[in-house]
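Colleague: Please find the sequence and the predicted model below.
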Amino acid sequence: MIPNILKIDKIVNSVGDAIDKNFTNKEEKEEAKAKLQQLANESVSNARNMQETALKQEDKFSKRFVYYLASFWSFIAGTYLFSVTFFTYPVANTRIVDTITGFLLGTIIASIITFFFGSSQGSKDKDSIMEKLKNKIKNK
């Protein structure tokens, strides 16, 4: 579930970059970005709906799978970050340590926090832009 969200975020960002390059009209650009963000929000909503469905099952493992997965990756990330902070590692491994650290902080931990606690201010701004566009379309 979380890897699918990560893929969708990457697609949203790449399509958003393409929108920036190909649209000259500011309103068209904002409308296209709003539609793209709506698709991303629907994807996250689908993941949360899937979790709600899992909670209705009798199988305790299925009910708690998302929590087990989040706990597992939180433990792995915490252990890794603790070990690279307080233990020495070969200087030759610095790039791989930096890459793994960035991945853990930028994707795994960020995705877990986003899933359980919601998104950022930028997403709220996009939501308000989408709402303005919806109102504009309704008024036409």
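Modeller: Happy to help now that I have it. Residues are numbered from 1 along each chain as shown.
Colleague: The most centrally placed residue in the chain is in what secondary structure piece?
Modeller: Geometric centre of the chain, nearest residue: residue 111, 4.8 Å, by CA atoms, centre = their mean. Secondary structure assignment for residue 111, by DSSP states H and E: helix 109-117.
Colleague: longest helix in the chain, by residue count?
Modeller: helix 26-55 (DSSP state H).
Colleague: Packing partners of it?
Modeller: With contacts taken as 3 or more CB pairs under 8 Å, 6 or more residues apart in numbering; DSSP states H and E, helix 26-55 sits against helix 2-22, helix 60-86, helix 109-117, helix 121-139. Bear in mind the C-beta positions are built from the backbone N, C-alpha and C, glycine included.
Colleague: Could you pull out the buried residues of it?
Modeller: 29-34, 36-37, 40-41, 43-44, 47, 54 (16 or more other CB atoms under 10 Å).
Colleague: and the residues you listed as JSON lines, adding distance to residue 90?
Modeller: Compiled in JSON lines, the buried residues of helix 26-55 are given as follows (distance: CB to CB, whole Å):
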{"residue": "29", "distance to residue 90": "48"}
{"residue": "30", "distance to residue 90": "49"}
{"residue": "31", "distance to residue 90": "52"}
{"residue": "32", "distance to residue 90": "47"}
{"residue": "33", "distance to residue 90": "44"}
{"residue": "34", "distance to residue 90": "48"}
{"residue": "36", "distance to residue 90": "43"}
{"residue": "37", "distance to residue 90": "43"}
{"residue": "40", "distance to residue 90": "40"}
{"residue": "41", "distance to residue 90": "44"}
{"residue": "43", "distance to residue 90": "40"}
{"residue": "44", "distance to residue 90": "40"}
{"residue": "47", "distance to residue 90": "39"}
{"residue": "54", "distance to residue 90": "43"}
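Colleague: Of the residues you listed, which is the nearest to residue 139?
Modeller: residue 31 (14.3 Å; CB to CB).
Colleague: which intervals of the chain have sub-threshold pLDDT?
Modeller: The chain contains residues with pLDDT under 70 at 1-25, 44, 119-124, 140.
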